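S.K.: Next come a sequence and a model predicted from it.
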Amino acid sequence: QVQLVESGGGLVQAGGSLRLSCAASGRTFSTSAMGWFRQAPGKEREFVAAISWSGSSTRYADSVKGRFTIHRDNAKNTMYLQMNSLKPEDTAVYYCARGATSHGLESAASRYPYWGQGTQVTVSS
């Protein structure tokens, strides 16, 4: 059984930084691609970033490129999202997700079978 638990969300001023963590259970974490998504009130869930099983390949949404960094520590079964230069439009619930393959850097939420419960990020102006 796969469980994903996000942490690290909170309230931050515009221009600030936060680091989200996603702790995974199960033996398949280190062989699975992972992703971060977010959902703002009244909007659809959107892709933020994805990382391959080894961490050697990453992909970002244009809206966060250059500001957010995704990385993982397979020894700790944990994935991270470092968010810098935060903007009010980054306010959302952030979800981590485990992909169905090891290399696919998918941007479609439907390609991720497993999801965490989410952590709230609020950026004040």
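M.R.: Received, thanks. The structure presented is a predicted model; accordingly, all values stated were derived computationally and were not measured.

S.K.: Output the contacting helices and strands for the helix or strand where R72 lies.
M.R.: Element membership for R72 (DSSP states H and E) is strand 68-73. Contacts defined by 3 or more C-beta pairs under 8 Å, 6 or more residues apart in numbering; DSSP states H and E place strand 68-73 against strand 34-39, strand 46-51, strand 58-60, strand 78-83. Bear in mind the C-beta positions are built from the backbone N, C-alpha and C, glycine included.

S.K.: Out of those strands, indicate the one that is most buried.
M.R.: strand 34-39 (a mean of 24; mean count of other C-beta atoms under 10 Å).

S.K.: where does that one sit relative to the chain's centre, distance-wise?
M.R.: Using C-alpha atoms, centre = their mean, to the nearest Å, the mean C-alpha position of strand 34-39 is found 4 Å from that of the whole chain.

S.K.: now swap in stretch 2-11 and tell me
M.R.: Relative to the centre of its chain, stretch 2-11 is centred 9 Å away, using C-alpha atoms, centre = their mean.

S.K.: Quick check: buried residues in that stretch?
M.R.: Using 16 or more other C-beta atoms under 10 Å as the test for burial, stretch 2-11 gives L4, E6, G8, G9.
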